[in-house]
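# What follows is a protein structure lacking sequence information:
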C-alpha cells in the first residue's frame, strides 16, 4: 500500500469536507446526498470509505448492503457504489487502494460482491480497474436504470446506462 494514501470510514464531521471538495472539482454530489450517505452509514445500510492523499481528501467509495439493482438484491449481493477520485489526484493508486479496502470489508461478510459501471469514455479508467481486479460481467447485459435494455431499444447514454459485474471472494 502507498504510504501517502490513508483510507478510513466516513464520520459525521466529513459531510461538509466531502461536499466542498467535490464541488471544487465539479463532482456533482448535492450536500443532501452526502448527508443521506452519512445517515445510511449510521443505519448500517451503507459503508462509506474516504481516501486521503498526502493528508488531503482524495476520494470516496461506498458499499451498499442492499443494491438498487434487482439481480443483486435477489441474490444478496452487496454493491460497490459511487466511486469518486478527485481528478488531479488520479493515477496515484488512490482508486486501487479504495476498492481494495472496500472489498476487504465486503468479503468479511459476503462471498460475492457486485459493481456497476457506466459505458461512456469517462468510465474508461473504472472499467479497466474492475477488469484488472477480477470483476466479470454478470451476464445479464446492459441495464438502464437497473432494468434490462432490449435489443433495438433506444436509451440515453448517461450515468444510468451500466453493465454490472461481480467478483467472488478469493
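Received it, and whenever you're ready, just let me know what you need. Only a predicted model underlies this, so the values are computations on that prediction, with no experimental measurement involved. Numbers count the residues shown, from 1 in each chain.

# so where do the strands sit in this protein?
5-9, 46-53, 56-64, 79-85, 112-118, 136-144, 147-148, 161-168 (DSSP state E).

# who does the third one touch, helix- and strand-wise?
Meaning strand 56-64. Using 3 or more CB pairs under 8 Å, 6 or more residues apart in numbering; DSSP states H and E, the elements in contact with strand 56-64 are helix 15-24, strand 46-53, strand 79-85, helix 94-109. All C-beta spots, glycine's among them, are computed from the backbone N, C-alpha and C.

# Any buried residues in the helix or strand bottoming out on mean pLDDT in the chain, and which?
Every helix and strand of the chain was ranked by mean pLDDT, DSSP states H and E. The lowest is helix 124-132, at a mean of 92. Within helix 124-132, the residues scored as buried using 16 or more other CB atoms under 10 Å are 126, 127, 129, 130.

# Can I get the strands of the chain in JSON lines including distance to residue 96 and mean pLDDT?
Shown next, in JSON lines, are the strands of the chain (distance: least, CB to CB, whole Å; pLDDT from 0 to 100):
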{"stretch": "strand 5-9", "distance to residue 96": "9", "mean pLDDT": "97"}
{"stretch": "strand 46-53", "distance to residue 96": "10", "mean pLDDT": "98"}
{"stretch": "strand 56-64", "distance to residue 96": "11", "mean pLDDT": "97"}
{"stretch": "strand 79-85", "distance to residue 96": "10", "mean pLDDT": "95"}
{"stretch": "strand 112-118", "distance to residue 96": "14", "mean pLDDT": "97"}
{"stretch": "strand 136-144", "distance to residue 96": "18", "mean pLDDT": "97"}
{"stretch": "strand 147-148", "distance to residue 96": "31", "mean pLDDT": "96"}
{"stretch": "strand 161-168", "distance to residue 96": "14", "mean pLDDT": "98"}
